[in-house]
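Participant: Here is my input; please provide its structure:
(one chain, ligands or ions: 2)
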Amino acid sequence: MSLIWDGFPCRTACFFKESFIILSSKVLGMELSKFKDKMPAVVYDLLMQEGIAELRPSQWKSIDAGLFDGKNLLVCTPTASGKTLVAEMTALDAILSERGKAVYIVPLKALAAEKYKEFKRKYGKILRVGMSIGDLDASDNYLHSYDLIICTSEKLDSMIRHHTPWLSEVSVIVVDEIHLLNDPGRGPTLEILITMLRRMLPKMQLIGLSATIGNEEEFASWLGATLVHDTWRPVELKKGIYLDGEVEFYPEK
Ligand SMILES: Nc1ncnc2c1ncn2[C@@H]1O[C@H](COP(=O)(O)OP(=O)(O)OP(=O)(O)O)[C@@H](O)[C@H]1O
Ligand SMILES: [Mg+2]
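Facilitator: Ligands and ions are numbered 1, 2, ... in the order given. You can find the predicted model right below:
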């Protein structure tokens with residue numbers, strides 16, 4: 001049995017021994033050029049250089065919701081729908097317009113290393129990209145000279161407790177996989193972290209990213225953020241039952 005979890009009711013998955021979901025693709029987007037006047041020229045040029053021809057729904061809806069006006073956003077769109085670029089555009093805008101640093105919070109060290117590599121490749125020539133995932137007892141003052149800093153929530157929590165001076169220069173905080181606030185193990189740290197950051201940095205722009213939040217409106221309201229919701233996914237999910245070599249798809253609703 002091959003099962004891809006994405007909000008598919010668990011009971012159904014267990015009931016049909018060979019229930020599964022298969023994938024097919026569909027393209028949807030808005031030409032980047034249509035947003036030229038809605039974004040800073042330097043960000044537009046960087047996206048062009050990266051070969052971005054179209055903006056995906058998560059991205060253009062975020063722009064329309066005030067990404068470049070300093071609005072807090074909670075972006076809830078499916079897996080692989082392009083949420084990272086929403087965070088990148090926000091960080092680039094803040095850093096290149098000299099409003100301040102951007103901190104990108106991820107739940108795992110491995111994910112931090114992956115994002116660090118990706119951002120360094122894309123923006124290493126124009127931004128100083130740093131990563132902080134090490135010793136929780138260190139205040140990492142050397143990060144003072146970096147623009148875009150990737151770290152885990154535990155590490156940022158520890159830096160706040162060490163009164164790390166450069167934190168006062170942060171103007172954008174991105175919380176990737178923000179639904180982990182609901183995680184029994186890591187959730188409390190993340191919740192306290194967001195609460196402390198909002199108090200410490202009342203002018204910061206907060207961008208929360210997630211593919212799996214049930215109570216999006218309630219969560220957005222707690223964050224003081226505008227909700228960006230969309231269901232488009234690059235790979236469509238189809239649900240069906242596999243039995244004796246045959247697939248029967250559930251009817252489209
Ligand atoms: N506008 C775009 N045009 C082409 N490719 C894009 C665009 N936006 C994002 N991508 C690519 O889509 C892929 C998935 O994007 P991303 O990792 O940001 O998804 P995500 O929404 O964060 O997914 P997840 O919820 O799984 O973390 C990446 O390889 C990214 O480079
Ligand atoms: Mg992501």
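Participant: mind giving me the domain ranges of the chain?
Facilitator: Recorded structural domains for the chain (assignment: automatic domain parsing) are 1-26+234-253, 57-233.
Participant: Comparing these, which stretch has the densest surroundings?
Facilitator: Comparing those by mean neighbour count (mean count of other C-beta atoms under 10 Å), domain 57-233 ranks first with a mean of 19. Where C-beta positions appear, they are placed from N, C-alpha and C, glycine not excepted.
Participant: Indicate whether that domain makes contact with ligand 1.
Facilitator: Yes. Contact between domain 57-233 and ligand 1, assessed by C-beta under 6 Å from any ligand atom, occurs at 59, 79-85, 211.
Participant: could you give the mean pLDDT of that domain?
Facilitator: Across domain 57-233, the average pLDDT comes to 94.
Participant: From start to finish, how long is that domain in a straight line?
Facilitator: 9 Å (C-alpha to C-alpha, to the nearest Å).
Participant: and it, how far from the chain's centre?
Facilitator: 7 Å (C-alpha atoms, centre = their mean, to the nearest Å).
Participant: again, but for stretch 52-63
Facilitator: Centre-to-centre, stretch 52-63 and its host chain are 14 Å apart (C-alpha atoms, centre = their mean).
Participant: Show residues contacting it.
Facilitator: Stretch 52-63 is touched from outside by 28-32, 35, 38-39, 73, 75, 77, 81-83, 85-86, 89, 228-230, 232, 234, with contacts defined as C-beta atoms under 8 Å, 6 or more residues apart in numbering.
Participant: Skipping its backbone neighbours, what lies nearest the residue of the stretch 101-250 of the chain found nearest ligand 1 in space?
Facilitator: Proximity to ligand 1, evaluated over the stretch 101-250 of the chain using C-beta to the nearest ligand atom, is greatest for Ala211 at 3.7 Å. In space, Ala211 comes closest to Thr79 once its chain neighbours are excluded; the distance is 4.7 Å by C-beta to C-beta, 6 or more residues apart in numbering.
Participant: Touching, the one you found and Glu236? I think so.
Facilitator: No. Contact criterion C-beta atoms under 8 Å: Thr79 and Glu236 do not qualify, at 11.8 Å.
Participant: Sketch out the helices for the stretch 101-250 of the chain, chain order is fine.
Facilitator: Per DSSP state H, counting those that start in this stretch, the stretch 101-250 of the chain carries helices over the ranges 109-123, 153-161, 187-200, 216-223.
Participant: how about those in CSV, adding distance to Met48?
Facilitator: Shown next, in CSV, are the helices of the stretch 101-250 of the chain (distance: least, C-beta to C-beta, whole Å):
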stretch, distance to Met48
helix 109-123, 13
helix 153-161, 32
helix 187-200, 33
helix 216-223, 31
